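> Any chance you could fold what I've pasted below:
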Amino acid sequence: VGATSGAILSLIYTMVFISQSLSVMVDAFCCDIVGVMHMQDVSRVWNTTQAVLRMTSDCMHGSLVALCVVLLVMVPLSLLDMGVLGTPSAPVQVLLPAFLVSSGVLYLLLLASMISDKCGRVPALVNAISFGEGTERQRQDIVDYITSSGFYVFGTRLVTSAVVKFVYVWCLIVVGLLTRWASSGVVRPSERRAEGFSAMCATPLGDGWRI
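The predicted model follows:
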């Protein structure tokens, strides 16, 4: 479990570093555009930025979806391991890897969605800058082009509202499983063995006598 969690955390750390680099790239474009007075330079720089965004998101979206699946199943399975199967280890040793992985995946999702949010605020900045007379139409085309930019997961633009809904549904699933296990009175393996021994002792021995 420790080796698997370590490998997953290494992947999360790498993707977090890449997401932060993409976010810094968008910030650098916003800082540089204030000093750029030529519309052609703005279009060229943003074409490069958007190409990097799309290529990186295309490379990362498979791993991101796989990490979301890990997030969905790791915490419920850890709770199942601790509460239902009667794991003899301490609860901290069972839940700590799940907590670290879950926190890393949630942080990664927020970083990726913040890239789309930043791209969504860039058109307002471009529209507020004057590039000279006769450039209004070209500026509007660039604004419309930037509006659709962001971090994409299998063709779907990842935004913060979608991440919040995903976390909400995930929390409902975890709480629902905890409530179901607590109310159903799940019997641990040690208790099952004790009940089986009691039933064996109460079995007739052939002439009606019981132990």
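
> mind checking the SS state of Leu72?
helix (DSSP: H, G, I helix; E, B strand; the rest coil).

> Could you measure from the closest residue to it other than its chain neighbours over to Val159?
Computed as CB to CB, 6 or more residues apart in numbering, the closest residue to Leu72 that is not its neighbour in sequence is Trp170, at 6.3 Å. C-betas here are computed from N, CA, C, even on glycine. Taking CB to CB, to the nearest Å as the measure, Trp170 falls 17 Å from Val159.

> Also Thr56?
Taking CB to CB as the measure, Thr56 and Val159 are separated by 17 Å.

> same check, this time on Phe17
Distance from Phe17 to Val159, by CB to CB: 22 Å.

> who has more neighbours, the two?
When neighbours are counted by other CB atoms under 10 Å, Val159 comes out ahead of the other of Phe17 and Val159, with 18 against 10.

> Hmm, Val126 is touching Ile142, no?
Yes: if you go by CB atoms under 8 Å, Val126 and Ile142 touch, sitting 6.1 Å apart.

> what do those two both touch?
Val42 (CB atoms under 8 Å, 6 or more residues apart in numbering).

> Mind jotting down where the helices sit in this protein?
2-33, 39-83, 91-128, 136-147, 160-184, 189-201 (DSSP state H).

> got the contact list for Val105?
Neighbour list for Val105: 12, 67-68, 70-71 [criterion: CB under 8 Å, 6+ apart].

> Which two among these are spaced furthest apart?
Ile12 and Cys68 (11.6 Å; CB to CB).

> Between these two, which has more neighbouring residues?
For Ile12 versus Cys68, neighbours defined as other CB under 10 Å are more numerous around Ile12 (21 against 17).

> right, and the more buried one touches Leu108 too?
Yes: applying CB under 8 Å as the test, Ile12 and Leu108 come out as touching, 5.7 Å apart.

> quick one: Cys171 from Val75, how far?
Distance of Cys171 to Val75, computed by CB to CB: 10 Å.

> So these two - more neighbours on which side?
Shown here are Cys171 and Val75; by other CB under 10 Å, Val75 has more neighbours (21 against 11).

> need the contact list for the closest residue to Val101 other than its chain neighbours.
Nearest residue to Val101 in three dimensions, chain neighbours excluded: Ile8, at 5.4 Å (CB to CB, 6+ apart). By CB under 8 Å, 6+ apart, the contact set of Ile8 is 67, 70, 101, 104.

> would you list these in a markdown table and tack on distance to Val26, neighbour count and pLDDT?
Shown next, in a markdown table, are the contacts of Ile8 (distance: CB to CB, whole Å; neighbours: other CB atoms under 10 Å; pLDDT from 0 to 100):
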| residue | distance to Val26 | neighbour count | pLDDT |
| --- | --- | --- | --- |
| Leu67 | 23 | 23 | 87 |
| Val70 | 28 | 19 | 84 |
| Val101 | 27 | 23 | 84 |
| Gly104 | 22 | 20 | 86 |
